[in-house]
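*Asks:* no FASTA, just this:
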Ligand SMILES: Cc1ncc(COP(=O)(O)O)c(C=O)c1O
(Lines give C-alpha, C1' and ligand atoms only; values in the text may rest on other atoms or scores of the structure.)
Protein backbone atom coordinates (compact mmCIF):
# COMPACT_ATOMS: atom_id res chain seq x y z
CA UNK A 1 0.00 0.00 0.00
CA UNK A 2 1.40 3.42 -0.92
CA UNK A 3 2.31 5.46 2.18
CA UNK A 4 -0.19 8.21 2.94
CA UNK A 5 1.24 11.65 2.19
CA UNK A 6 2.10 13.68 5.27
CA UNK A 7 1.00 16.88 3.55
CA UNK A 8 -2.58 16.53 4.80
CA UNK A 9 -4.77 17.50 7.69
CA UNK A 10 -4.84 15.33 10.80
CA UNK A 11 -7.20 12.38 10.89
CA UNK A 12 -9.04 14.16 13.70
CA UNK A 13 -9.66 17.25 11.59
CA UNK A 14 -10.69 15.10 8.62
CA UNK A 15 -13.50 13.60 10.69
CA UNK A 16 -15.61 16.74 10.78
CA UNK A 17 -16.81 19.23 8.19
CA UNK A 18 -16.71 23.00 8.15
CA UNK A 19 -19.53 24.66 10.05
CA UNK A 20 -22.71 24.50 7.95
CA UNK A 21 -24.10 27.52 9.77
CA UNK A 22 -21.20 29.79 8.94
CA UNK A 23 -21.32 28.47 5.35
CA UNK A 24 -24.97 29.56 5.20
CA UNK A 25 -23.95 33.07 6.20
CA UNK A 26 -21.48 33.13 3.29
CA UNK A 27 -24.24 31.96 0.90
CA UNK A 28 -26.61 34.59 2.28
CA UNK A 29 -24.08 37.31 1.46
CA UNK A 30 -23.49 35.90 -2.01
CA UNK A 31 -27.23 35.91 -2.84
CA UNK A 32 -28.09 39.03 -0.83
CA UNK A 33 -30.50 36.93 1.14
CA UNK A 34 -32.06 37.93 4.46
CA UNK A 35 -29.89 36.00 6.89
CA UNK A 36 -31.98 33.99 9.33
CA UNK A 37 -29.28 31.33 9.61
CA UNK A 38 -26.46 32.24 12.01
CA UNK A 39 -27.61 33.32 15.47
CA UNK A 40 -26.21 36.81 15.82
CA UNK A 41 -28.22 40.01 16.34
CA UNK A 42 -28.27 42.55 13.49
CA UNK A 43 -29.35 45.33 15.86
CA UNK A 44 -26.90 47.47 17.86
CA UNK A 45 -25.47 46.24 21.15
CA UNK A 46 -26.62 48.24 24.22
CA UNK A 47 -24.98 51.69 24.31
CA UNK A 48 -23.94 51.46 27.98
CA UNK A 49 -22.10 48.19 27.38
CA UNK A 50 -20.31 49.56 24.33
CA UNK A 51 -19.31 52.64 26.35
CA UNK A 52 -17.90 50.39 29.10
CA UNK A 53 -15.73 48.61 26.50
CA UNK A 54 -14.49 51.90 25.04
CA UNK A 55 -13.69 53.15 28.57
CA UNK A 56 -11.73 49.99 29.29
CA UNK A 57 -9.53 50.50 26.24
CA UNK A 58 -9.06 54.17 27.21
CA UNK A 59 -8.05 53.09 30.71
CA UNK A 60 -5.46 50.78 29.17
CA UNK A 61 -6.90 47.41 29.98
CA UNK A 62 -4.97 46.30 26.92
CA UNK A 63 -2.44 43.69 28.04
CA UNK A 64 -2.64 40.00 28.88
CA UNK A 65 -4.80 39.33 31.92
CA UNK A 66 -4.46 36.53 34.45
CA UNK A 67 -4.91 33.46 32.26
CA UNK A 68 -8.20 32.38 33.83
CA UNK A 69 -9.70 35.85 33.79
CA UNK A 70 -9.45 39.16 35.64
CA UNK A 71 -10.26 38.87 39.34
CA UNK A 72 -13.07 41.42 38.88
CA UNK A 73 -14.81 39.35 36.18
CA UNK A 74 -14.38 36.06 38.04
CA UNK A 75 -15.85 37.70 41.13
CA UNK A 76 -18.77 39.12 39.12
CA UNK A 77 -19.53 35.68 37.61
CA UNK A 78 -19.41 33.99 41.04
CA UNK A 79 -21.52 36.77 42.63
CA UNK A 80 -24.15 36.52 39.91
CA UNK A 81 -24.50 32.72 40.22
CA UNK A 82 -24.66 32.83 44.00
CA UNK A 83 -27.19 35.67 44.03
CA UNK A 84 -29.56 34.08 41.52
CA UNK A 85 -29.17 30.40 42.27
CA UNK A 86 -27.81 30.23 45.81
CA UNK A 87 -24.74 28.22 44.77
CA UNK A 88 -21.53 29.32 46.54
CA UNK A 89 -18.70 29.73 44.00
CA UNK A 90 -15.04 30.46 44.74
CA UNK A 91 -13.82 32.81 41.98
CA UNK A 92 -10.19 31.93 42.67
CA UNK A 93 -10.46 28.20 42.09
CA UNK A 94 -13.68 27.59 40.14
CA UNK A 95 -14.07 30.20 37.40
CA UNK A 96 -12.20 30.15 34.07
CA UNK A 97 -12.84 33.00 31.65
CA UNK A 98 -12.47 31.86 28.02
CA UNK A 99 -12.85 33.13 24.46
CA UNK A 100 -16.60 32.61 24.30
CA UNK A 101 -18.48 29.54 25.42
CA UNK A 102 -17.14 27.91 22.26
CA UNK A 103 -13.68 27.80 23.80
CA UNK A 104 -15.10 26.93 27.22
CA UNK A 105 -16.73 23.79 25.78
CA UNK A 106 -13.71 22.53 23.85
CA UNK A 107 -11.34 23.36 26.75
CA UNK A 108 -13.68 21.47 29.09
CA UNK A 109 -13.78 18.35 26.94
CA UNK A 110 -10.03 18.46 26.24
CA UNK A 111 -9.34 19.09 29.91
CA UNK A 112 -11.63 16.42 31.37
CA UNK A 113 -12.14 13.66 28.82
CA UNK A 114 -9.70 10.95 27.69
CA UNK A 115 -9.68 9.09 24.36
CA UNK A 116 -12.07 6.17 24.63
CA UNK A 117 -14.37 7.90 27.12
CA UNK A 118 -18.01 8.35 26.18
CA UNK A 119 -19.88 11.65 26.15
CA UNK A 120 -23.68 11.77 25.99
CA UNK A 121 -25.28 14.38 23.73
CA UNK A 122 -28.97 15.05 23.12
CA UNK A 123 -29.88 15.03 19.43
CA UNK A 124 -30.60 17.40 17.70
CA UNK A 125 -27.60 19.28 19.07
CA UNK A 126 -25.65 22.50 18.62
CA UNK A 127 -23.20 21.60 15.88
CA UNK A 128 -19.97 22.31 17.80
CA UNK A 129 -20.40 19.41 20.22
CA UNK A 130 -19.57 16.80 17.53
CA UNK A 131 -16.16 18.24 16.57
CA UNK A 132 -15.43 19.06 20.24
CA UNK A 133 -15.95 15.40 21.13
CA UNK A 134 -13.79 14.23 18.20
CA UNK A 135 -10.96 16.60 19.21
CA UNK A 136 -11.03 15.22 22.75
CA UNK A 137 -11.01 11.62 21.48
CA UNK A 138 -14.41 10.85 22.99
CA UNK A 139 -17.08 8.62 21.54
CA UNK A 140 -20.49 10.30 21.43
CA UNK A 141 -23.65 8.51 22.53
CA UNK A 142 -26.82 10.21 21.33
CA UNK A 143 -30.14 10.47 23.11
CA UNK A 144 -33.07 11.58 20.95
CA UNK A 145 -35.16 14.64 21.68
CA UNK A 146 -38.51 13.86 20.06
CA UNK A 147 -40.64 16.45 18.28
CA UNK A 148 -42.99 18.17 18.80
CA UNK A 149 -42.18 18.81 22.47
CA UNK A 150 -38.59 17.56 22.24
CA UNK A 151 -38.96 15.30 25.27
CA UNK A 152 -36.64 12.32 25.74
CA UNK A 153 -37.37 8.73 26.71
CA UNK A 154 -36.01 8.24 30.26
CA UNK A 155 -35.18 4.61 29.45
CA UNK A 156 -33.18 5.63 26.39
CA UNK A 157 -31.29 8.14 28.53
CA UNK A 158 -30.60 5.57 31.26
CA UNK A 159 -29.37 3.08 28.65
CA UNK A 160 -26.87 5.62 27.30
CA UNK A 161 -24.93 5.65 30.58
CA UNK A 162 -22.15 3.05 30.89
CA UNK A 163 -18.94 2.59 32.86
CA UNK A 164 -17.19 4.50 30.09
CA UNK A 165 -19.42 7.59 30.31
CA UNK A 166 -17.35 10.56 31.42
CA UNK A 167 -19.68 13.46 30.70
CA UNK A 168 -23.12 14.50 29.46
CA UNK A 169 -23.71 17.78 27.65
CA UNK A 170 -26.98 19.53 28.50
CA UNK A 171 -27.90 22.64 26.53
CA UNK A 172 -30.86 24.43 28.07
CA UNK A 173 -32.53 26.60 26.79
CA UNK A 174 -31.76 24.56 23.73
CA UNK A 175 -30.46 25.36 20.29
CA UNK A 176 -31.94 24.36 17.83
CA UNK A 177 -35.22 23.16 19.39
CA UNK A 178 -36.11 26.00 21.79
CA UNK A 179 -36.71 23.38 24.49
CA UNK A 180 -36.28 24.45 28.11
CA UNK A 181 -35.47 21.33 30.14
CA UNK A 182 -37.93 20.94 33.04
CA UNK A 183 -36.84 20.48 36.64
CA UNK A 184 -38.06 16.85 36.50
CA UNK A 185 -36.01 16.14 33.39
CA UNK A 186 -32.94 17.71 34.97
CA UNK A 187 -33.50 15.71 38.18
CA UNK A 188 -33.52 12.53 36.08
CA UNK A 189 -30.25 13.55 34.41
CA UNK A 190 -28.72 14.49 37.78
CA UNK A 191 -29.67 11.13 39.33
CA UNK A 192 -27.93 9.28 36.49
CA UNK A 193 -24.84 11.51 36.77
CA UNK A 194 -24.61 10.70 40.47
CA UNK A 195 -25.23 6.99 39.91
CA UNK A 196 -22.55 6.66 37.21
CA UNK A 197 -20.13 9.28 38.63
CA UNK A 198 -20.47 11.42 35.49
CA UNK A 199 -19.71 15.12 34.93
CA UNK A 200 -22.58 17.28 33.64
CA UNK A 201 -21.42 19.97 31.21
CA UNK A 202 -24.15 22.55 30.80
CA UNK A 203 -24.37 25.10 28.00
CA UNK A 204 -26.58 27.83 29.45
CA UNK A 205 -25.87 30.71 27.12
CA UNK A 206 -29.60 31.33 26.51
CA UNK A 207 -30.50 31.23 30.21
CA UNK A 208 -32.04 34.71 30.16
CA UNK A 209 -34.00 34.15 26.94
CA UNK A 210 -37.08 32.20 28.07
CA UNK A 211 -40.77 32.66 27.19
CA UNK A 212 -44.29 32.11 28.50
CA UNK A 213 -43.13 31.98 32.12
CA UNK A 214 -40.66 29.13 31.47
CA UNK A 215 -38.02 28.92 34.17
CA UNK A 216 -34.38 28.10 33.53
CA UNK A 217 -33.12 25.61 36.13
CA UNK A 218 -29.32 25.41 36.41
CA UNK A 219 -28.26 21.79 36.80
CA UNK A 220 -25.48 22.79 39.22
CA UNK A 221 -28.11 24.01 41.71
CA UNK A 222 -29.69 20.54 42.05
CA UNK A 223 -28.77 18.36 44.99
CA UNK A 224 -25.32 16.81 44.76
CA UNK A 225 -24.58 18.46 41.42
CA UNK A 226 -22.40 21.44 42.43
CA UNK A 227 -19.36 19.18 42.70
CA UNK A 228 -19.90 17.46 39.34
CA UNK A 229 -21.18 20.22 37.03
CA UNK A 230 -19.28 22.44 34.60
CA UNK A 231 -21.57 25.39 33.86
CA UNK A 232 -20.72 27.18 30.62
CA UNK A 233 -21.96 30.62 29.70
CA UNK A 234 -20.95 33.80 27.86
CA UNK A 235 -21.83 37.42 27.18
CA UNK A 236 -22.61 36.68 23.51
CA UNK A 237 -26.37 36.20 23.61
CA UNK A 238 -27.36 37.90 26.86
CA UNK A 239 -25.74 41.20 25.89
CA UNK A 240 -25.94 40.92 22.07
CA UNK A 241 -22.15 40.99 21.65
CA UNK A 242 -21.39 37.70 19.89
CA UNK A 243 -18.15 39.13 18.46
CA UNK A 244 -16.61 39.93 21.82
CA UNK A 245 -15.59 36.37 22.57
CA UNK A 246 -15.93 36.43 26.32
CA UNK A 247 -17.28 33.31 27.99
CA UNK A 248 -16.60 31.17 31.03
CA UNK A 249 -16.71 27.75 32.63
CA UNK A 250 -17.58 27.37 36.31
CA UNK A 251 -16.49 24.03 37.77
CA UNK A 252 -15.45 22.37 41.01
CA UNK A 253 -11.74 23.11 41.66
CA UNK A 254 -10.42 19.68 40.61
CA UNK A 255 -12.18 19.97 37.24
CA UNK A 256 -11.41 23.68 36.83
CA UNK A 257 -7.69 22.83 37.14
CA UNK A 258 -7.88 20.69 33.97
CA UNK A 259 -9.94 23.27 32.08
CA UNK A 260 -7.53 26.06 33.05
CA UNK A 261 -4.48 24.17 31.83
CA UNK A 262 -5.98 23.60 28.40
CA UNK A 263 -7.37 27.13 28.18
CA UNK A 264 -3.95 28.63 28.96
CA UNK A 265 -2.35 26.87 26.00
CA UNK A 266 -5.27 27.40 23.62
CA UNK A 267 -5.77 31.15 23.94
CA UNK A 268 -4.02 32.53 27.12
CA UNK A 269 -6.89 34.88 27.89
CA UNK A 270 -10.12 36.41 26.62
CA UNK A 271 -9.89 40.03 25.34
CA UNK A 272 -8.78 42.18 28.29
CA UNK A 273 -10.92 45.32 27.76
CA UNK A 274 -13.98 43.24 27.03
CA UNK A 275 -13.53 41.30 30.26
CA UNK A 276 -13.68 44.66 32.04
CA UNK A 277 -16.83 45.62 30.15
CA UNK A 278 -18.37 42.21 30.95
CA UNK A 279 -18.16 43.06 34.67
CA UNK A 280 -20.28 46.13 33.97
CA UNK A 281 -22.74 44.09 31.91
CA UNK A 282 -23.22 41.35 34.53
CA UNK A 283 -24.05 43.99 37.11
CA UNK A 284 -26.90 45.53 35.04
CA UNK A 285 -30.21 45.74 36.93
CA UNK A 286 -32.82 42.92 36.62
CA UNK A 287 -34.92 45.12 34.30
CA UNK A 288 -32.30 44.69 31.56
CA UNK A 289 -32.69 40.91 31.60
CA UNK A 290 -36.53 41.03 31.75
CA UNK A 291 -36.56 43.42 28.82
CA UNK A 292 -34.33 41.11 26.79
CA UNK A 293 -36.72 38.17 27.21
CA UNK A 294 -39.78 40.31 26.46
CA UNK A 295 -38.32 41.69 23.25
CA UNK A 296 -37.38 38.23 22.05
CA UNK A 297 -40.81 36.86 22.92
CA UNK A 298 -42.43 39.47 20.65
CA UNK A 299 -40.03 38.52 17.85
CA UNK A 300 -40.72 34.84 18.42
CA UNK A 301 -44.47 35.37 18.09
CA UNK A 302 -44.00 37.34 14.90
CA UNK A 303 -41.65 34.82 13.30
CA UNK A 304 -43.69 31.75 14.23
CA UNK A 305 -46.77 33.40 12.67
CA UNK A 306 -44.75 34.33 9.57
CA UNK A 307 -43.37 30.82 9.10
CA UNK A 308 -46.72 29.14 9.68
CA UNK A 309 -48.29 31.45 7.07
CA UNK A 310 -45.57 30.35 4.66
CA UNK A 311 -46.60 26.71 5.21
CA UNK A 312 -43.82 25.69 7.58
CA UNK A 313 -45.02 23.84 10.67
CA UNK A 314 -43.28 25.25 13.73
CA UNK A 315 -42.22 23.83 17.07
CA UNK A 316 -42.92 26.90 19.19
CA UNK A 317 -39.72 27.62 21.16
CA UNK A 318 -39.92 28.21 24.91
CA UNK A 319 -36.42 29.63 25.03
CA UNK A 320 -33.37 30.70 22.94
CA UNK A 321 -33.97 32.46 19.61
CA UNK A 322 -34.51 29.78 16.97
CA UNK A 323 -37.50 28.03 15.43
CA UNK A 324 -37.23 24.45 14.16
CA UNK A 325 -39.71 23.99 11.33
CA UNK A 326 -41.09 20.99 9.47
CA UNK A 327 -40.79 21.44 5.69
CA UNK A 328 -42.62 18.27 4.68
CA UNK A 329 -46.02 20.01 4.55
CA UNK A 330 -44.65 22.05 1.63
CA UNK A 331 -43.74 18.86 -0.22
CA UNK A 332 -40.01 19.07 0.52
CA UNK A 333 -38.15 16.06 1.92
CA UNK A 334 -34.58 17.23 1.55
CA UNK A 335 -33.55 20.02 3.92
CA UNK A 336 -30.37 20.89 2.01
CA UNK A 337 -32.19 21.24 -1.32
CA UNK A 338 -34.94 23.26 0.36
CA UNK A 339 -32.46 25.64 1.98
CA UNK A 340 -30.66 26.10 -1.35
CA UNK A 341 -34.00 26.94 -3.01
CA UNK A 342 -34.81 29.32 -0.17
CA UNK A 343 -31.54 31.23 -0.38
CA UNK A 344 -31.26 31.32 -4.19
CA UNK A 345 -34.89 31.76 -5.30
CA UNK A 346 -36.67 33.28 -2.29
CA UNK A 347 -33.80 35.26 -0.79
CA UNK A 348 -33.93 33.99 2.79
CA UNK A 349 -31.12 32.01 4.46
CA UNK A 350 -31.82 29.29 7.04
CA UNK A 351 -29.99 26.22 8.33
CA UNK A 352 -30.69 22.65 7.14
CA UNK A 353 -32.02 20.55 10.01
CA UNK A 354 -29.56 17.74 9.32
CA UNK A 355 -26.68 19.89 10.54
CA UNK A 356 -28.05 19.37 14.06
CA UNK A 357 -28.06 15.58 13.67
CA UNK A 358 -25.24 13.10 13.20
CA UNK A 359 -24.25 12.27 9.62
CA UNK A 360 -25.59 15.44 7.99
CA UNK A 361 -27.70 14.88 4.92
CA UNK A 362 -28.25 11.18 5.47
CA UNK A 363 -30.64 11.20 8.39
CA UNK A 364 -34.22 10.05 8.05
CA UNK A 365 -37.07 12.54 7.57
CA UNK A 366 -37.90 12.01 11.22
CA UNK A 367 -34.50 13.51 12.00
CA UNK A 368 -33.01 16.51 10.25
CA UNK A 369 -33.93 15.93 6.61
CA UNK A 370 -37.46 17.19 6.98
CA UNK A 371 -36.50 20.21 9.09
CA UNK A 372 -35.02 23.66 8.76
CA UNK A 373 -34.01 26.12 11.49
CA UNK A 374 -34.66 29.86 11.37
CA UNK A 375 -33.27 32.37 13.89
CA UNK A 376 -35.13 35.50 14.97
CA UNK A 377 -32.49 37.62 16.71
CA UNK A 378 -33.07 40.28 14.07
CA UNK A 379 -34.47 43.79 13.90
CA UNK A 380 -38.05 44.46 12.80
CA UNK A 381 -37.07 45.61 9.30
CA UNK A 382 -35.10 42.41 8.68
CA UNK A 383 -38.04 40.28 9.78
CA UNK A 384 -40.44 42.38 7.66
CA UNK A 385 -38.24 41.84 4.60
CA UNK A 386 -38.10 38.08 5.29
CA UNK A 387 -41.90 38.13 5.60
CA UNK A 388 -42.27 39.82 2.19
CA UNK A 389 -39.90 37.37 0.54
CA UNK A 390 -41.49 34.29 2.09
CA UNK A 391 -44.78 35.20 0.39
CA UNK A 392 -43.19 33.81 -2.80
CA UNK A 393 -42.68 30.40 -1.19
CA UNK A 394 -45.12 27.90 -2.69
CA UNK A 395 -45.73 24.18 -2.00
CA UNK A 396 -43.98 21.86 -4.43
C1 LIG B 1 -25.96 26.44 22.22
C2 LIG B 1 -24.82 27.34 21.85
N3 LIG B 1 -23.67 27.21 22.51
C4 LIG B 1 -22.61 27.99 22.23
C5 LIG B 1 -22.67 28.94 21.22
C6 LIG B 1 -21.45 29.79 20.96
O7 LIG B 1 -21.43 30.86 21.85
P8 LIG B 1 -20.19 31.82 22.10
O9 LIG B 1 -20.41 33.03 21.25
O10 LIG B 1 -20.26 32.14 23.56
O11 LIG B 1 -18.94 31.09 21.75
C12 LIG B 1 -23.84 29.10 20.49
C13 LIG B 1 -23.93 30.10 19.41
O14 LIG B 1 -24.83 30.16 18.65
C15 LIG B 1 -24.95 28.27 20.82
O16 LIG B 1 -26.11 28.39 20.16
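*Replies:* The structure has been received and is ready for your questions. Note that the structure is a prediction, hence the values are computed from the model and not measured.

*Asks:* what count of nearby residues applies to the residue of the stretch 251-396 of the chain found nearest the ligand?
*Replies:* Nearest residue of the stretch 251-396 of the chain to the ligand: residue 320, at 7.1 Å (CB to the nearest ligand atom). For every residue, glycine as well, the C-beta is placed using N, CA and C. Residues lying near residue 320 (other CB atoms under 10 Å) number 30.

*Asks:* now do the same contact list for it.
*Replies:* Shown in contact with residue 320 (CB atoms under 8 Å, 6 or more residues apart in numbering): 173-175, 178, 206, 209.

*Asks:* ok, so of those residues, who is nearest the ligand?
*Replies:* Checking those one by one against the ligand (CB to the nearest ligand atom), the nearest turns out to be residue 175, at 3.7 Å.

*Asks:* now the closest one. Its backbone dihedrals?
*Replies:* phi -110, psi 120 (degrees, to the nearest 10).

*Asks:* buried residues, the longest helix along the chain. List them.
*Replies:* Among the elements of the chain assigned as helix by DSSP state H, the one spanning the most residues is helix 286-309. Using 16 or more other CB atoms under 10 Å as the test for burial, helix 286-309 gives 288-289, 292, 296, 299-300, 303-304, 306-307.

*Asks:* need those in JSON lines (columns: distance to the ligand and pLDDT).
*Replies:* Output for the buried residues of helix 286-309, formatted as JSON lines (distance: CB to the nearest ligand atom, whole Å; pLDDT from 0 to 100):
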{"residue": "288", "distance to the ligand": "18", "pLDDT": "97"}
{"residue": "289", "distance to the ligand": "17", "pLDDT": "97"}
{"residue": "292", "distance to the ligand": "16", "pLDDT": "97"}
{"residue": "296", "distance to the ligand": "14", "pLDDT": "98"}
{"residue": "299", "distance to the ligand": "16", "pLDDT": "98"}
{"residue": "300", "distance to the ligand": "16", "pLDDT": "98"}
{"residue": "303", "distance to the ligand": "17", "pLDDT": "98"}
{"residue": "304", "distance to the ligand": "19", "pLDDT": "98"}
{"residue": "306", "distance to the ligand": "21", "pLDDT": "97"}
{"residue": "307", "distance to the ligand": "19", "pLDDT": "98"}
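
*Asks:* for this structure, name the helix or strand with the lowest mean pLDDT.
*Replies:* In the chain, the helix or strand scored least confidently by mean pLDDT, DSSP states H and E is helix 20-30, which has a mean of 85.

*Asks:* okay, now residue 46: neighbour count?
*Replies:* Neighbours of residue 46 (other CB under 10 Å): 17.

*Asks:* give the contact list for residue 326.
*Replies:* 147, 312-315, 370-371.

*Asks:* that older thread, so for the helix or strand following the longest helix of the chain, mean pLDDT?
*Replies:* The first helix or strand that comes after helix 286-309 along the chain, using DSSP states H and E, is strand 313-315. Confidence for strand 313-315, expressed as mean pLDDT, is 95.

*Asks:* packing partners for strand 313-315?
*Replies:* helix 286-309, strand 322-326 (3 or more CB pairs under 8 Å, 6 or more residues apart in numbering; DSSP states H and E).

*Asks:* now the ones you listed as a markdown table including distance to residue 196?
*Replies:* As requested, those are exported to a markdown table (distance: least, CB to CB, whole Å):
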| stretch | distance to residue 196 |
| --- | --- |
| helix 286-309 | 35 |
| strand 322-326 | 30 |
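
*Asks:* these: which one's closest to residue 17?
*Replies:* Distance to residue 17, taken as CB to CB, is lowest for strand 322-326 among those, at 20.5 Å.

*Asks:* quick one: strands adjacent to the closest one?
*Replies:* strand 313-315 (antiparallel), strand 371-375 (antiparallel) (DSSP bridges).

*Asks:* does it reach the ligand?
*Replies:* No - taking CB under 6 Å from any ligand atom as the criterion, strand 322-326 and the ligand are apart, separated by no less than 8.0 Å.

*Asks:* C-terminal to that strand, what's the next element?
*Replies:* helix 335-341.

*Asks:* ok, the closest residue in space to residue 390 that isn't next to it in sequence - contacts?
*Replies:* Computed as CB to CB, 6 or more residues apart in numbering, the closest residue to residue 390 that is not its neighbour in sequence is residue 310, at 4.3 Å. Shown in contact with residue 310 (CB under 8 Å, 6+ apart): 390-391, 393.

*Asks:* show me which residues of the chain are close to the ligand?
*Replies:* 39, 100-102, 126, 171, 175, 203, 205, 234, 236, 242, 247.

*Asks:* the same query, at a cut-off of 8 Å, please.
*Replies:* By CB under 8 Å from any ligand atom, the residues of the chain that approach the ligand are 21, 38-40, 99-105, 126, 128, 171, 174-175, 203, 205-206, 232-237, 242, 245-247, 320, 322.
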